[in-house]
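Novice: need a 3D model of the following:
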Amino acid sequence: MKHFLVIISVLIGVHAYGARIGFDLSPRGTGQPMVIRVLDEASLTPVEGASVVASGEYLNQLGPVIQENFSGVTGERGTVSLETPFDIHSTLSVQMDGYLTTSVAGLLNQNLTVYLRKFRPGEANALVHGTLTDFPVRSGKSQIQAGIVAKSMSALDLVYFDHRNFLSPLKDQIPVSGTEVDIPSNLVLPKQSVNFGFFPVKLNKPRYRLPLFEGERVMLVGLQGEIPSQVILDQVISGKKFNLGILNHMKIKKFGYSGVFDVTDREFKQDIRGNVDLAGSVRVRPMKPSFESDVLIASYFDFNNDLSLMIPTDVKLYKGADVRVAVSGGAVLQDGVMAIALADKGLRLSGVLRQKVLMKKKVILSEFLTPVALGEWKRLPERLFLEPQGQQLGVAVINHANSTPAEVIYAVPASKGLLIDLTKREDRSEIEGISQMYMDLGNAINYQDFSGEAAIQSLERFARSTGRLNKE
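Specialist: You can find the predicted model right below:
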């Protein structure tokens, strides 16, 4: 199998600010206008001047189906009322300069709150750096003290998962036996001397660097443990590229984390102390995906108990046997595990999430959803069909140049599938990729009275497929 674990640039779409799907729904009274409220996703303040268009179908007195559009502009409170007669289903789109266009399909006589997300680049544009300190004492000179610095994730970050959060695409150089060696910038090797054969080797990389996105809200976590010296030194001396398989050899013992912060500067410093001992582990068995893929198993600590700040505590590459991952084992059930299958160099992804796991218990995860293969295109397709099954929420993200998202489209189950006609889009010449996603939010989800913040907290499974233009 060709592993995805070569660091690549993947078209992944929207980067989540927090744990919230981008809209709420509430019942609309009989004979009442449709009320649309538009808020800034980050500040939750009203967005004035947003253009709102509702399109749909209704029955007139003689019976035939009438299709019609209704439009308006939000006022200073971020609201607009539309006198729509729709009684079958409708689609509503909200557009505002500086924000992603947001559309929701499958509305049934409902009011809508839309949380607009400001434009963000498709690639990281900020950098944090600092030290990771207070490592545990190593068990012997055959082991190397090692650490990894990563950022927290929200439930939506999983849907837009990028494995580079665990192994940075940036490289730092360290001297090893007179040779400058490239290693991932978020890998930390505190000052130490280890034996390699009959020769002592000195290592010292106390600092880390990690790419972030300006405007995102995160915590940083530093994982600390040890790796057999033979594994690391074979890697650096042979000149082989580091990949996530290196974490299978790392025994995590401690972790530490920063406070919560908004990324407002392009470059800043954040030191981290490893001050929390990991109490134990759980054994995880994923189901075999229906598509050829590499599977990552990760454990996390749910800091707020709402999937908004998930701090990874261990990451392993699945090799066909049960995987043991470290957990905090605290009195409050805040440990969880996940499995993520990646294929086609990250263009296809499927994940399974299990919340509130018990230490020392075996966790057997649910089946993976199967993402469709969109792949690379020589020319943009004419249409894309979004078809959520059962209680799934369907999502499509339209990306422009440099993986920058331009529009997010949601399809609730009542939509019975949504045909996205790309031939009629004014931005067709600017589109360079499309992501298609499905989220299983649990059978108890009520799409008639729907909270995007509450719904994402019940995320169980997800799948994402990305198609992109190949301009070579």
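Novice: assign residue 402 to helix, strand or coil.
Specialist: For residue 402, the assignment made with DSSP: H, G, I helix; E, B strand; the rest coil gives helix.
Novice: surely it and residue 123 touch.
Specialist: Yes. With contact defined as Cβ atoms under 8 Å, residue 402 reaches residue 123; the gap is 6.5 Å. (Each C-beta comes from the backbone N, C-alpha and C, glycine too.)
Novice: what are the ranges of the strands in the stretch 101-250 of the chain?
Specialist: Using DSSP state E, counting those that start in this stretch, the strands of the stretch 101-250 of the chain run over 101-107, 110-116, 126-133, 143-151, 171-176, 179-184, 187-196, 199-205, 207-212, 217-218, 220-228.
Novice: other residues contacting the top helix by length along the chain?
Specialist: When the chain is parsed with DSSP state H, its longest helix is helix 229-238. Here helix 229-238 makes contact (Cβ atoms under 8 Å, 6 or more residues apart in numbering) with 141-144, 146, 176-177, 179, 181, 183, 189, 194-196, 201, 240, 242, 246, 249.
Novice: mind listing what's buried in that helix?
Specialist: Within helix 229-238, the residues scored as buried using 16 or more other Cβ atoms under 10 Å are 229-233, 235-236.
Novice: so which elements touch the very next helix or strand once past it?
Specialist: Note on helix 229-238: by DSSP states H and E, the next helix or strand toward the C-terminus is strand 251-257. Packing partners of strand 251-257 (3 or more Cβ pairs under 8 Å, 6 or more residues apart in numbering; DSSP states H and E): strand 220-228, strand 272-273, strand 276-277, strand 310-317.
Novice: do you know which of those lies nearest residue 391?
Specialist: Closest approach to residue 391 among the helices and strands packed on strand 251-257 (Cβ to Cβ): strand 310-317, 22.8 Å.
Novice: walk me through which strands the helix or strand just after the closest one pairs with, and which way each runs.
Specialist: Sequence-wise, the next helix or strand downstream of strand 310-317 (DSSP H and E) is strand 323-327. Partners of strand 323-327 in the sheet, by DSSP bridges, are strand 280-285 (antiparallel).
Novice: just to revisit the earlier point, settle it for me: which of residue 402 and residue 123 has more neighbours?
Specialist: Using other Cβ atoms under 10 Å, the more surrounded residue of residue 402 and residue 123 is residue 123, with 14 against 11.
Novice: per-residue pLDDT, that one?
Specialist: The model reports residue 123 with a pLDDT of 73.
Novice: okay, buried residues for stretch 347-360 please.
Specialist: Across stretch 347-360, burial judged by 16+ other Cβ under 10 Å covers 347-355, 357, 359.
Novice: let me fix that, I meant to ask about stretch 310-323.
Specialist: By 16+ other Cβ under 10 Å, the buried positions in stretch 310-323 come out as 310-318, 323.
Novice: make TSV out of these and add pLDDT and distance to residue 170.
Specialist: TSV is the format used below for the buried residues of stretch 310-323 (pLDDT from 0 to 100; distance: Cβ to Cβ, whole Å):
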residue	pLDDT	distance to residue 170
310	94	23
311	94	21
312	94	19
313	95	23
314	95	23
315	94	18
316	94	23
317	92	21
318	94	26
323	93	27
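Novice: what is the nearest of those residues to residue 281?
Specialist: For the buried residues of stretch 310-323, the nearest to residue 281 is residue 314 (7.8 Å; Cβ to Cβ).
Novice: contacts only, for residue 141.
Specialist: Contacts of residue 141 (Cβ under 8 Å, 6+ apart): 193-195, 229.
Novice: again, 6 Å this time
Specialist: Residues in contact with residue 141, defined by Cβ atoms under 6 Å, 6 or more residues apart in numbering, are 194-195.
Novice: next one: the one 4 residues further on
Specialist: Contact criterion Cβ under 6 Å, 6+ apart gives 135, 138, 190, 192, 226 as the residues in contact with residue 145.
Novice: and the gap between it and residue 204?
Specialist: Separation of residue 145 from residue 204 (Cβ to Cβ, to the nearest Å): 11 Å.
Novice: list the contacts of stretch 36-53.
Specialist: 17, 71-74, 76-80, 93-96, 112-117.
Novice: that one: end-to-end distance?
Specialist: 10 Å (Cα to Cα, to the nearest Å).
Novice: residues of that stretch that come out buried?
Specialist: Across stretch 36-53, burial judged by 16+ other Cβ under 10 Å covers 36-42, 46-47, 50-52.
Novice: then stretch 417-434?
Specialist: 418, 420, 431-434.
Novice: next one: stretch 97-109
Specialist: 99-109.
Novice: find the nearest non-adjacent residue to residue 180, please.
Specialist: residue 173 (4.6 Å; Cβ to Cβ, 6 or more residues apart in numbering).
Novice: ok, residue 268 next?
Specialist: Residue 268's closest residue in space is residue 128 (Cβ to Cβ, 6+ apart), at 5.8 Å.
Novice: how deep is the one you found tucked in, by neighbour count?
Specialist: Residue 128 has 22 neighbours, counted by other Cβ under 10 Å.
Novice: could you do residue 269 as well?
Specialist: 10.
Novice: bridging residues for the nearest residue to it once chain neighbours are set aside?
Specialist: Spatial nearest neighbour of residue 269, excluding adjacent residues (Cβ to Cβ, 6+ apart): residue 130 at 5.0 Å. Note on residue 130: beta-bridge partners by DSSP bridges are residue 208.
Novice: and residue 153, by the same measure?
Specialist: residue 310.
Novice: neighbours of it, how many?
Specialist: 26.
Novice: picking that back up, return the members of the contacts of helix 229-238 classed as buried.
Specialist: Neighbour-count burial (16+ other Cβ under 10 Å) applied to the contacts of helix 229-238 gives 143-144, 146, 176, 181, 183, 189, 194, 196, 201, 242, 246, 249.
Novice: how near is the one residue sitting closest to the centre of the chain to residue 432?
Specialist: Of all residues in the chain, the one closest to the mean position by Cα atoms, centre = their mean is residue 157, 1.9 Å from it. Distance from residue 157 to residue 432, counting by Cβ to Cβ: 22 Å.
Novice: now do residue 263
Specialist: In terms of Cβ to Cβ, residue 263 sits 25 Å off from residue 432.
Novice: and if you look at residue 170?
Specialist: The gap separating residue 170 from residue 432 is 24 Å, by Cβ to Cβ.
Novice: domains of this structure?
Specialist: Structural domains assigned to the chain are 23-120+372-469, 125-277, 280-371, following automatic domain parsing.
Novice: low-confidence stretches in the stretch 101-250 of the chain?
Specialist: By pLDDT under 70, the low-scoring segments of the stretch 101-250 of the chain are 121-122, 197, 237-239.
Novice: so residue 308 sits against residue 154, correct?
Specialist: Yes. With contact defined as Cβ atoms under 6 Å, residue 308 reaches residue 154; the gap is 5.2 Å.
Novice: rewinding a little: count the neighbours of the residue nearest to residue 269 for me.
Specialist: Number of residues near residue 130 (other Cβ under 10 Å) recorded here: 20.
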